[in-house]
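Colleague: dropping the sequence and predicted coords here.
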Amino acid sequence: MEAAAKAFESWKRVPAEKRVEVLFRAAKSIRERKFEISAWICYEVGKSWVEADADTAETIDFLRILWTRDAAAGGAAEVTPYQNERNFMTYIPLGVGAVIPPWNFSGGDCDGQ
C-alpha cells in the first residue's frame, strides 16, 4: 500500500489518454497469456477451469470497459441534462485502495469436476 500510494502521487497527474494506453496494454497482455493466467488461478485459488477462465475474461473486459470509458470521456462523463441547469462530472483521482473479495465460491479441480 505504501509503494502504491507513493506511485499514485505521479500517476494522478497522468492524462486520461496515457492511462488509456496503460489499460489497453494490460488487457492485451492478459489476453495473450489468458490460458496461463487461468491455470494459475486454478492452481493458486482452487477454482474450477470454467470459473478461472471466466475471471480472466472478466478482467480483460473490465480493463477494456475502463479503456473505452476513459478514451471516450477524456476524463469526464456525460450527465443527464436538465433545463436551466449546467451540470458536469469529472473523474478525479481518489487514491489507493485494497479489496478483500468474499470467499463464496466452492473450490474444484481444473478439469471442471
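Modeller: Arrived safely, thanks for sending. Numbers count the residues shown, from 1 in each chain.
Colleague: so for stretch 53-61, mean pLDDT?
Modeller: For stretch 53-61, mean pLDDT is 94.
Colleague: and for the chain, the residue most distant from the center?
Modeller: For the chain, the largest distance from the centre (C-alpha atoms, centre = their mean) belongs to Asn84, which lies 36.6 Å off.
Colleague: that one and Glu78: what is the separation?
Modeller: 18 Å (C-beta to C-beta, to the nearest Å). (Glycine included, C-beta is placed from N, CA and C.)
Colleague: one more: Leu63?
Modeller: With distances taken as C-beta to C-beta, Leu63 is found 21 Å from Glu78.
Colleague: also Ile60?
Modeller: For Ile60 relative to Glu78 (C-beta to C-beta), the value is 25 Å.
Colleague: more neighbours, these two?
Modeller: Neighbours were counted for Ile60 and for Glu78 using other C-beta atoms under 10 Å; Ile60 has more, 18 against 10.
Colleague: what about the more buried one, distance to Thr90?
Modeller: 27 Å.
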